[in-house]
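> Make a model of this:
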Amino acid sequence: MDSLRTELQKIAPLTDPEWKRFVAITKTQPLAKGEFFLTDHAICQHSAFVSVGVLRHFRTDAKGHEKIIQFSLPGEFVSNCESHIHQKTSEYAIQAIETCELVVFKNSDLQRLSQENPAFDKIGRQVTHQLLASYKEHITLLLTYTPEQRYQYMLANKPALVTTVSVTHLSQFLGLTRETLSRIRGKVSM
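Residues are numbered from 1 along each chain as shown. As a prediction, the model looks like this:
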């Protein structure tokens, strides 16, 4: 919980009573490898802070190929903002790719706290902006960079991700075949 408080304090300073009010709406939830935080076609009712582990946000296309939209690493928040805000079913699933420990809270509970306290409103907005910025970054990466540039961008900006996730998952995220990513990795590391 200390790492969560540190992240929240970066957004808005919280007094001890405010922190206790936030902790009161949370629960620690383990998630085994392969378990889902959110299934596709469900409405996102919860958000979480990743204390331990990695999750992938993915969609399966008509041919059965998985496309990874985003990863959630330790120290980051995980949610589907669009599903929650518009109360519509999620178009993708969020699944643990290794054993995780999450600090989970109901989105409606955070909204209630936000109505009572401007600090929580600021936190909610900032976390939403961070999640949406990650999606935008990924779209920009796919649309404007060559395959080799995508991998080099990841090495420069998200080295922990490159060393943490499998080649298969990284290739799905970068929009490449596993073979293409392996060739690029060999070429870049020379």
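> so what does the helix or strand where K20 lies touch, helix or strand wise?
Per DSSP states H and E, K20 falls inside helix 16-24. Applying 3 or more CB pairs under 8 Å, 6 or more residues apart in numbering; DSSP states H and E, we find helix 16-24 packed against helix 2-11, helix 118-144. Every residue, glycine included, has its C-beta placed from N, CA and C.
> could those helices be laid out in TSV, adding mean neighbour count, distance to E101 and mean pLDDT?
Formatted as TSV, these follow (neighbours: other CB atoms under 10 Å; distance: least, CB to CB, whole Å; pLDDT from 0 to 100):
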stretch	mean neighbour count	distance to E101	mean pLDDT
helix 2-11	14	11	89
helix 118-144	15	18	91
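> would you list those in CSV and tack on distance to C44?
CSV is the format used below for those (distance: least, CB to CB, whole Å):
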stretch, distance to C44
helix 2-11, 19
helix 118-144, 11
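> And the pLDDT for the residue nearest to the spatial centre of the chain?
The residue lying closest to the centre of the chain (CA atoms, centre = their mean) is S72, at 3.1 Å. pLDDT recorded at S72 is 94.
> The one 10 residues further on too?
In this model, E82 is scored at 88, pLDDT.
> residue boundaries of the helices in the protein?
Taking DSSP state H as the criterion, the chain carries its helices at 2-11, 16-24, 81-86, 107-116, 118-144, 147-157, 159-164, 167-174, 178-188.
> what about V52, how many neighbours?
Other residues near V52 number 13, with proximity taken as other CB atoms under 10 Å.
> if I pick the residue nearest to it when sequence neighbours are not counted, what's in contact with it?
Spatial nearest neighbour of V52, chain neighbours left out: E101 (4.1 Å); criterion: CB to CB, 6 or more residues apart in numbering. E101 sits next to T28, Q29, P30, L31, V50, S51, V52, G53 when contact means CB atoms under 8 Å, 6 or more residues apart in numbering.
> I'd like to know which of the helices and strands packed on helix 16-24 is closest to H57.
helix 118-144 (8.7 Å; CB to CB).
> Ok, which of the helices of the chain comes nearest Y92?
helix 81-86 (9.1 Å).
> Tell me where the model's unsure across this protein.
Along the chain, the parts satisfying pLDDT under 70 run over 189-190.
> How far away from the center of its chain is stretch 51-59?
How far stretch 51-59 lies from its chain's middle: 6 Å, per CA atoms, centre = their mean, to the nearest Å.
> Show me which residues of it are buried.
Buried residues in stretch 51-59, counting neighbours by 16 or more other CB atoms under 10 Å, are found at S51, G53, V54, L55, R56, H57, F58.
> Equivalent analysis for stretch 108-118, please.
In stretch 108-118, counting by 16+ other CB under 10 Å, buried: D109, L110, L113, S114, N117.
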